[in-house]
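**Student:** The sequence and its predicted three-dimensional model are supplied below.
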Amino acid sequence: MEEEVKRMDSTSRAWRWVPSLYFAEGLPYALIVTVSVLMFKQLGISNEDVALYTGWFYLPWVIKPLWSPFIDLIRTKRWWVMVTQILIGAGFAGIGLLVPASDAFRWTLAIFWLLAFSSATHDVSIDGFYMLGLDDSAQAFFAGVRNTAYRIASIAGQGGLLIVAGLITRKTGSPVRAWSICYLIAGITMALLAVWHFRALPHPEKGCNSELKAKSILKDFITTFISYFRKPHIISSVCFILFFRLAEAQLTKICPLFLIDSTANGGLGLTADQIGLAQGTIGVIGLLLGGIIAGAVVSRKGLGYWMWPMVLAISVPDLVYVWLSWFPTGNMWVVSPLIFIEQMGYGFGFTGYTLFLIYFARGEHKTSHYAISTGIMALGMMLPGMISGKLQTLMGYRTFFMWVVACCAATFLVTAFLKYDKNFGKKE
């Protein structure tokens, strides 16, 4: 009875920090990877340069498995959470202050680069802290809560701040001032979250680890890394992880530029607040809904039954941007539902991808193997995204979006050769 009371007390306390912690994880990612693209576009940077330089922001998430085992060696995960949140808040504030500078692109790009490393480290620390701060049953209970909080942060960043940026631009006529204010708001938000977490986070760890453990961690890391590439069907699995999102990696980088670009350049000429509503709010809701539906149907008949419908769902809706590029319109009653459909399809299809990552990571080192898979996944997003701006500049929006649809053939091809348990995910 006493143990049950302690468990309930721990769960009730977790409501104070789990939602806010995963909100703090989702907000920086949205602002670094997605919102920065629109900011640089409005500051007059070319599509080619925007895609190339912001594509590098994925690199810390690609290589984070390399340093994540060593976070244990320097202080505690709670300490890392606090320090990285302070650094992220200071970084966003720095961007806000530097946007009006004459060489803003160079300086803000450097800060974004440092922010990406801080955010990736923040992610590792949060996920580790979550497992330390909650027992197994509480971790399962809060799984949906943390995912929802993360998506709310995406809406706040990609939707809320973009709407604010658009409204300020309309009122002042200065996108520079608008983005300066928005990133200052983001910096203040992260600072307030850091203050809250300093008070709300428990202390599940004590001190740091010894040199002996450092050697042990290094040895275990090498062993774990080697064992990952000795898994059955490793070639087909890595190809799937790398190329399943080949089309989406390019589309994700260019579609915000297409939405905000002028009609004279072949874009839709939407304002930042319109994009914040259509893509950052309605689109993210579609993404979340697609993921929820996918999880529900897979639990009934298994991943094998739904994998090909998921491939179709993540591929076919890309035609939305082909249609919009050939028949451009600024009518939000047309644009918003189309983006909702595309994002809902993406959410449905991406669930199959993430379920395979979970399936492939099963075994003795499942946490580390999953981290390696997510690093490969980030690489699959980074490289195509970096060249997408060059391709779009050469092709124009219409041909580029047709090229994206053609790249969906890679999604079908790597899925056809994939080996996995068709009943995985099915509720017994």
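**Tutor:** Sure, I can see it. The model shown is predicted, which means the values in this text are computed figures rather than measured ones.
**Student:** Quick check: which ranges of the stretch 1-150 of the chain have low pLDDT?
**Tutor:** Within the stretch 1-150 of the chain, the stretches with pLDDT under 70 are 1-11, 72, 136, 140, 143-144.
**Student:** Which residue ranges of it form helices?
**Tutor:** In the stretch 1-150 of the chain, the helices defined using DSSP state H, counting those that start in this stretch lie at 2-14, 18-29, 36-42, 47-55, 59-67, 77-98, 104-133, 136-141, 143-154.
**Student:** Show me what the helix or strand hosting residue 275 packs onto, helices and strands only.
**Tutor:** Using DSSP states H and E, residue 275 maps to helix 272-277. Applying 3 or more Cβ pairs under 8 Å, 6 or more residues apart in numbering; DSSP states H and E, we find helix 272-277 packed against helix 36-42, helix 162-172, helix 246-260, helix 332-360. (Each C-beta comes from the backbone N, C-alpha and C, glycine too.)
**Student:** Of those, which is nearest residue 179?
**Tutor:** helix 36-42 (4.9 Å; Cβ to Cβ).
**Student:** Residues contacting the helix holding residue 275, please?
**Tutor:** Applying Cβ atoms under 8 Å, 6 or more residues apart in numbering, the contact partners of helix 272-277 are 38, 42, 158-167, 169-170, 175, 178, 256, 259-260, 330, 332, 335-336.
**Student:** sorry, back to before: turn the helices and strands packed on helix 272-277 into a markdown table, including distance to residue 419 and mean neighbour count.
**Tutor:** A markdown table is the format used below for the helices and strands packed on helix 272-277 (distance: least, Cβ to Cβ, whole Å; neighbours: other Cβ atoms under 10 Å):
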| stretch | distance to residue 419 | mean neighbour count |
| --- | --- | --- |
| helix 36-42 | 36 | 24 |
| helix 162-172 | 42 | 19 |
| helix 246-260 | 20 | 24 |
| helix 332-360 | 10 | 20 |
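**Student:** Output those as JSON lines; include the columns distance to residue 103.
**Tutor:** Shown next, in JSON lines, are those (distance: least, Cβ to Cβ, whole Å):
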{"stretch": "helix 36-42", "distance to residue 103": "13"}
{"stretch": "helix 162-172", "distance to residue 103": "21"}
{"stretch": "helix 246-260", "distance to residue 103": "22"}
{"stretch": "helix 332-360", "distance to residue 103": "34"}
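**Student:** Can you check which of those gets nearest to residue 374?
**Tutor:** Residue 374 lies closest to helix 332-360 among these, at 6.9 Å (Cβ to Cβ).
**Student:** okay, the angle between that closest one and helix 143-154?
**Tutor:** Interaxial angle of helix 332-360 relative to helix 143-154 (axes from the mean of the first three to the mean of the last three Cα atoms, to 10 degrees): 140 degrees.
**Student:** Residue 265: neighbour count?
**Tutor:** A total of 12 residues lie near residue 265 under the criterion other Cβ atoms under 10 Å.
**Student:** do you know how far it is from residue 53?
**Tutor:** 20 Å (Cβ to Cβ, to the nearest Å).
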